[in-house]
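*Asks:* Build me a structure from this.
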Amino acid sequence: MNRTRILLKKAAWSLFTILFVIVLNFFLFRVLPGDPARAGIRDPRLKKEAVEMLRVRFGLDKPVINCFESLNPIKVGSCAVNPMETQFFIYARNLLQGELGFSYHTNRPVGDILAERLWNTVLLIGAGQILSIIIGVIFGVFAAWKMRTSIDFTAVITSLIAWSLPTFWLGIILLFWGSANGLPLAGKATPGASSLPLMQQWADIGVHMLLPTLTYTIVYMGEYTLIMRSSLMDVLSEDYILTAKAKGLTTFQILKDHALKNAMLPLVTVIAINLGFTVAGAIQIETVFSWPGLGLSIYEAVGRRDFPVLQGAFVLIAVAVIAANFLADLTYTYLDPRVETE
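*Replies:* Okay, the predicted model is just below:
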């Protein structure tokens with residue numbers, strides 16, 4: 001089986017998975033208890049007429065699917081609702097057009113809300129992901145090459161501690177440390193910084209990113225170090241590594257030309273999964289540091305029961321995870337040509 005056929009097959013499965021997630025995402029919020037029209041407005045004085053207007057405004061007055069508007073068998077039997085005017089088909093049609101509905105809380109398009117927050121999350125978590133990958137791979141390589149030495153022991157203990165730390169607890173500890181050192185503790189930028197020159201604006205954002213990015217880097221660095229160490233130790237025990245040493249190759253040549261590509265395969269899978277969930281944002285990190293990203297939007301939407309925002313965020317998360325895994329498959333075929341064969 002050649003590479004093109006494999007990639008087409010995986011692309012088809014990815015598309016099927018996205019379609020399944022879209023259908024599941026729609027019905028997930030329809031089975032929750034309570035009236036969606038009242039979900040985002042917690043005012044007991046709200047009149048019945050106002051509730052009905054909200055139901056019409058958000059399309060909740062229409063049946064979920066055809067002949068599903070009532071459990072009365074007589075009414076169901078005589079149902080003549082146009083399937084294209086049901087909530088599910090309106091949802092699917094709008095989704096194909098890039099429309100995710102309107103927020104119950106702000107009455108703004110969900111797509112605009114998520115787009116504003118998405119780039120903040122990519123900026124913050126992307127920096128932390130890159131740093132954690134670089135540091136984790138370097139520490140893992142050194143630990144594997146110096147196995148059963150003090151370097152290996154120190155790297156393993158440090159990584160286990162870092163990986164086991166609760167994210168929110170580590171963020172709070174760094175908040176105390178940052179407050180003692182005069183670092184910004186919340187937000188993306190200093191109020192009024194938009195009037196400063198461009199370079200100073202970016203410098204201000206960088207200072208605000210320091211603590212949340214450090215939190216993310218510490219947690220994921222431990223995971224990548226342990227996986228890289230374990231994988232590279234397995235590769236270094238192979239016979240072809242012993243042959244490379246017998247040929248007189250240097251340590252750098254053995255690692256670069258013979259060991260790293262094979263050892264990176266398990267790490268690629270983990271990185272791809274983490275990158276997919278990066279789009280969702282580290283909810284705990286963004287909440288602790290009040291970073292205006294996608295994770296904080298999800299946290300706020302849960303508290304407000306803003307179902308359209310949650311529904312749009314879940315679709316975005318699912319697509320990001322599936323796309324990241326598809327990119328991992330592409331990387332696999334580059335790192336290991338054996339994947340092309342059945």
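*Asks:* Give the next helix or strand downstream of the helix or strand of the chain with the lowest mean pLDDT.
*Replies:* None of the helices or strands of the chain scores lower by mean pLDDT, DSSP states H and E than helix 73-77, at a mean of 40. Once the chain leaves helix 73-77, the next helix or strand it forms, by DSSP states H and E, is helix 87-96.
*Asks:* low pLDDT regions in the stretch 201-342 of the chain?
*Replies:* Within the stretch 201-342 of the chain, the stretches with pLDDT under 70 are 276-281, 334-342.
*Asks:* can you map out the strands along it?
*Replies:* Under the criterion DSSP state E, counting those that start in this stretch, the stretch 201-342 of the chain contains no strands.
*Asks:* At which residues are the helices of it located?
*Replies:* 239-246, 251-254, 260-278, 283-288, 294-304, 307-335 (DSSP state H, counting those that start in this stretch).
*Asks:* out of those helices, deepest packed?
*Replies:* helix 283-288 (a mean of 22; mean count of other Cβ atoms under 10 Å). Using the backbone N, CA and C atoms, a C-beta is placed for each residue, glycine as well.
*Asks:* packing partners for it?
*Replies:* Here helix 283-288 touches helix 110-145, helix 167-180, helix 198-236, helix 294-304, going by 3 or more Cβ pairs under 8 Å, 6 or more residues apart in numbering; DSSP states H and E.
*Asks:* Format the ones you listed as a markdown table; extra columns: distance to Ala259.
*Replies:* Output for the helices and strands packed on helix 283-288, formatted as a markdown table (distance: least, Cβ to Cβ, whole Å):
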| stretch | distance to Ala259 |
| --- | --- |
| helix 110-145 | 9 |
| helix 167-180 | 32 |
| helix 198-236 | 5 |
| helix 294-304 | 36 |
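*Asks:* which stretch among those comes nearest Leu316?
*Replies:* helix 110-145 (6.1 Å; Cβ to Cβ).
*Asks:* how about the closest one: buried residues?
*Replies:* The neighbour-count criterion (16 or more other Cβ atoms under 10 Å) identifies 110-111, 113-114, 117-118, 120-129, 131-133, 135-137, 139-145 as the buried residues of helix 110-145.
*Asks:* Please compute how far the helix or strand following it lies from its chain's middle.
*Replies:* As assigned by DSSP H and E, the chain's next helix or strand after helix 110-145 is helix 150-164. Average the C-alpha atoms of helix 150-164, do the same for its chain, and the two points are 26 Å apart (Cα atoms, centre = their mean, to the nearest Å).
*Asks:* Select, out of the helices of the stretch 201-342 of the chain, the one closest to Leu183.
*Replies:* Short answer: helix 283-288, nearest of these by Cβ to Cβ, at 13.8 Å.
*Asks:* So which residues make contact with the closest one?
*Replies:* Residues outside helix 283-288 that contact it (Cβ atoms under 8 Å, 6 or more residues apart in numbering): 121, 124-125, 167-168, 171-172, 175, 212, 215-216, 291-296, 298-299.
*Asks:* now stretch 162-171
*Replies:* 211-212, 215, 218-219, 221-223, 226, 282, 284-285, 287-289.
*Asks:* Which one (most neighbours) among the residues you listed?
*Replies:* Ala282 (29 neighbours; other Cβ atoms under 10 Å).
*Asks:* For Gln311, see how far away the nearest residue in space to Glu99 that is not next to it in sequence is.
*Replies:* Distances taken as Cβ to Cβ, 6 or more residues apart in numbering put Gly111 closest to Glu99, at 6.6 Å, once the chain neighbours are dropped. Going from Gly111 to Gln311 by Cβ to Cβ, to the nearest Å gives 12 Å.
*Asks:* Now for these two: what residues contact both?
*Replies:* What both Gly111 and Gln311 touch, as defined by Cβ under 8 Å, 6+ apart, is the set Leu100.
*Asks:* wait, what's in contact with the residue nearest to Glu99?
*Replies:* 98-100, 312.
*Asks:* By neighbours, which of those wins?
*Replies:* Result: Gly312 is most packed of those (other Cβ under 10 Å), 24 neighbours.
*Asks:* From Ala301, how far out is that residue?
*Replies:* Note on Gly312: its distance to Ala301, by Cβ to Cβ, is 9 Å.
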